[in-house]
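> Coordinates for the following, if possible.
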Amino acid sequence: MIYTQDIGNAFDKIVGENGASTADFDTAHREAEKAIAALHAYKKNNSWPVLNIAEREDDLAQIESAAKRITEHYDTLVVVGMGASSRGGRTLVALTENPFSHMSGKTKIHFIDNIDPYTFDQLVGALDFKKTMFLIISKSGGTAETLAQLLVLLKEVEKRLGKNAIKNHFIFIAEPGKNALRTIGEEHNVEILEHDAGIGGRFASLTAVGLLPAKVAGIDIRAVRKGALDVVKHCFTDKSPEPALGAALHYALWKRGKTVSVMMPYCNRLNAFGAWHQQLWSESLGKNGMGTTALRALGAFDQHSQLQLYLDGPKDKFITLIMLKQEKLGSHIPTSAEKSLGYFKNHTIGDLMGAEQKATAETLTKNNCPNRVFYLDKLNEESLGALMMHFMLETMIMAQIWDIDVFGQPAVEESKQLAIKYLSQS
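Got it, this is the predicted structure:
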């Protein structure tokens with residue numbers, strides 16, 4: 001496996017009554033095994049296409065062709081999509097060497113994932129439209145926020161470059177069938193990539209939704225899928241696959257009142273991954289009175305904002321740490337004449353990060369806070385693809401244990417319909 005998962009410090013024999021009982025874990029693990037058997041059947045008949053996406057290659061040529069078109073002719077890519085339509089791409093693009101600006105060669109990537117009018121207008125006003133491609137993503141083709149922004153952008157392109165230029169500055173991703181986004185695309189002869197109707201938005205990161213922005217950013221998307229495929233194979237061939245262990249542990253801790261699940265990677269490039277996981281877990285499992293609250297934190301940043309709560313606040317949290325080998329990486333810390341800083345001698349910034357992530361895990365355990373640790377030798381396309389698939393599978397297995405429809409989001413749909421109603425009435 002590309003990663004290692006250590007769950008030992010989440011049990012009551014280590015962290016006392018706050019930890020999972022072996023009996024609850026064993027019960028949940030048996031249920032997880034049944035869940036894997038069900039998922040295996042869904043994979044074989046392709047009723048859950050997400051389980052087969054990692055081994056697909058037939059769609060990659062079109063994604064790579066679209067990415068080449070963008071990088072060869074445009075300086076900027078603007079990705080417009082709400083929620084999962086942008087979070088997967090953000091997560092993958094963050095692997096680039098400069099995640100703050102999302103630069104790869106000459107192409108800069110912006111994600112518009114909210115409808116804040118100030119932010120949207122500021123970006124539109126700053127763009128060089130002649131050198132900008134807009135990637136519009138909506139699985140249903142009817143996402144109100146995305147369509148509103150699209151209509152503004154279409155008008156701006158037509159005003160600045162002419163109506164005939166629209167087809168050259170837009171690419172759409174939507175599911176097949178009649179929907180508003182496809183109708184607009186066909187009207188303007190815009191290239192439309194298929195969003196698999198059988199893959200829900202938050203599970204679509206390994207499709208064109210996430211892979212097209214990633215390819216534009218210079219990410220090896222075939223390696224991303226390879227890492228994901230390694231986890232799929234492991235899940236359906238190993239006697240105790242890691243996603244099943246993770247789901248069983250969540251269940252056993254939920255039985256002990258752990259209703260908050262914290263994702264805390266020690267790596268800036270995984271900050272977007274935390275947001276991606278938060279949606280995946282929350283929207284997939286928060287149904288029928290079930291679920292746990294997903295929070296995200298970033299080490300070592302949030303040691304100075306949230307760790308106090310975890311250690312000395314309510315014992316309702318299960319903390320997942322993701323650690324990289326950081327030692328000897330980064331700038332060497334110069335020797336200081338200040339004697340109190342002698343502990344920095346002969347160390348790098350990476351040494352400090354390595355020490356802090358190890359210290360956090362140890363401190364959580366000593367303070368009876370159940371935690372698990374994922375260890376990565378390095379963060380690259382394969383390891384990120386593996387992590388993303390692990391947590392998609394862990395979420396699906398958890399849903400099976402709780403007997404929840406992992407793909408629906410009925411409460412969210414109600415909110416969407418009400419927003420449209422209020423607009424129509426005003």
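
> If you average the pLDDT over the top strand by length along the chain, what comes out?
Criterion DSSP state E: the longest strand present in the chain is strand 317-324. Throughout strand 317-324, pLDDT has a mean value of 98.

> From the rest of the structure, what touches that strand?
10, 249-250, 253, 258, 260-267, 270, 292, 295, 299, 310, 357-358, 360-361, 364, 369-379, 387 (C-beta atoms under 8 Å, 6 or more residues apart in numbering). Yep, even glycine has a C-beta here, placed from its N, CA and C like the rest.

> out of those residues, which are inside strands?
Secondary structure defined by DSSP E assigns 260-265, 295, 371-376 of those to strands.

> Out of these, flag the one nearest to Gln425.
Leu295 (35.9 Å; C-beta to C-beta).

> would you list every one of the helices in the stretch 151-300 of the chain?
166-169, 180-187, 208-216, 221-237, 242-255, 271-285 (DSSP state H, counting those that start in this stretch).

> Of those, which stretch is the most buried?
helix 208-216 (a mean of 28; mean count of other C-beta atoms under 10 Å).

> picking that back up, so for Ala94, which of the helices of the stretch 151-300 of the chain sits nearest?
Per C-beta to C-beta, nearest to Ala94 of these: helix 271-285, 4.5 Å.

> ok so, going back, could the helices of the stretch 151-300 of the chain be laid out in TSV, adding distance to Leu352?
Shown next, in TSV, are the helices of the stretch 151-300 of the chain (distance: least, C-beta to C-beta, whole Å):
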stretch	distance to Leu352
helix 166-169	45
helix 180-187	48
helix 208-216	30
helix 221-237	28
helix 242-255	29
helix 271-285	18
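
> The ones you listed: which one's closest to His110?
helix 208-216 (10.1 Å).

> outside of that closest one, which residues touch it?
Residues contacting helix 208-216 (C-beta under 8 Å, 6+ apart): 59-60, 62-64, 66-67, 70-71, 77, 79, 81, 84-85, 88-93, 95, 104, 107, 109, 111, 135, 137, 139, 171, 173, 193-195, 201, 204, 221, 224.

> Buried ones in the helix or strand harbouring Ala37, by neighbour count?
Element membership for Ala37, per DSSP states H and E: helix 22-44. In terms of neighbour count (16 or more other C-beta atoms under 10 Å), helix 22-44 has its buried residues at Asp24, Phe25, Thr27, Ala28, His29, Glu31, Ala32, Ala35, Ile36, Leu39, Lys43.

> Closest one to Pro49 out of the residues you listed, please.
Among the buried residues of helix 22-44, and counting by C-beta to C-beta, the member closest to Pro49 is Lys43, at 9.1 Å.

> on that earlier part again, out of the buried residues of helix 22-44, the closest to Trp276 would be?
Nearest to Trp276 among the buried residues of helix 22-44: Leu39, at 20.6 Å, using C-beta to C-beta.

> What are the phi and psi values at Leu135?
Main-chain torsions, Leu135, degrees, to the nearest 10: phi -100, psi 110.

> Run through the residues that contact it.
Leu77, Val78, Val79, Val80, Gly81, Phe170, Ile171, Phe172, Ile173, Leu212, Pro213.

> what about 10 Å?
Neighbour list for Leu135: 66, 70, 77-81, 85-86, 89, 109, 111-112, 170-173, 193, 208-209, 212-213, 216 [criterion: C-beta atoms under 10 Å, 6 or more residues apart in numbering].

> what does Gln5 give?
Contacts of Gln5 (C-beta under 10 Å, 6+ apart): 242-243, 245-246, 249, 320, 322, 372-375, 390, 394.

> cool, and Val15?
Asn9, Lys315, Leu364, Thr365, Lys366, Asn367, Asn368, Cys369, Pro370, Asn371.

> for this structure, which residue is closest to the average position?
Geometric centre of the chain, nearest residue: Trp276, 2.8 Å, by C-alpha atoms, centre = their mean.

> Need the pLDDT of that residue.
The model's pLDDT for Trp276 equals 97.

> Over to the one 10 residues further on?
Taken from the predicted model, the pLDDT recorded for Gly286 is 96.

> I'd guessed Pro176 sits against Ser140; true?
No: contact criterion C-beta atoms under 10 Å: Pro176 and Ser140 do not qualify, at 11.4 Å.

> So what's the residue count around Asn164?
10 (other C-beta atoms under 10 Å).

> one step back: by neighbours, which of the ones in strands among the contacts of strand 317-324 wins?
In the ones in strands among the contacts of strand 317-324, the most neighbours by other C-beta under 10 Å go to Met264, 29 neighbours.

> Leaving out chain neighbours, which residue sits closest to it?
Ala297 (4.2 Å; C-beta to C-beta, 6 or more residues apart in numbering).

> quick one: the strands in the stretch 51-200 of the chain?
76-80, 103-104, 107-112, 132-137, 170-174, 191-194 (DSSP state E, counting those that start in this stretch).
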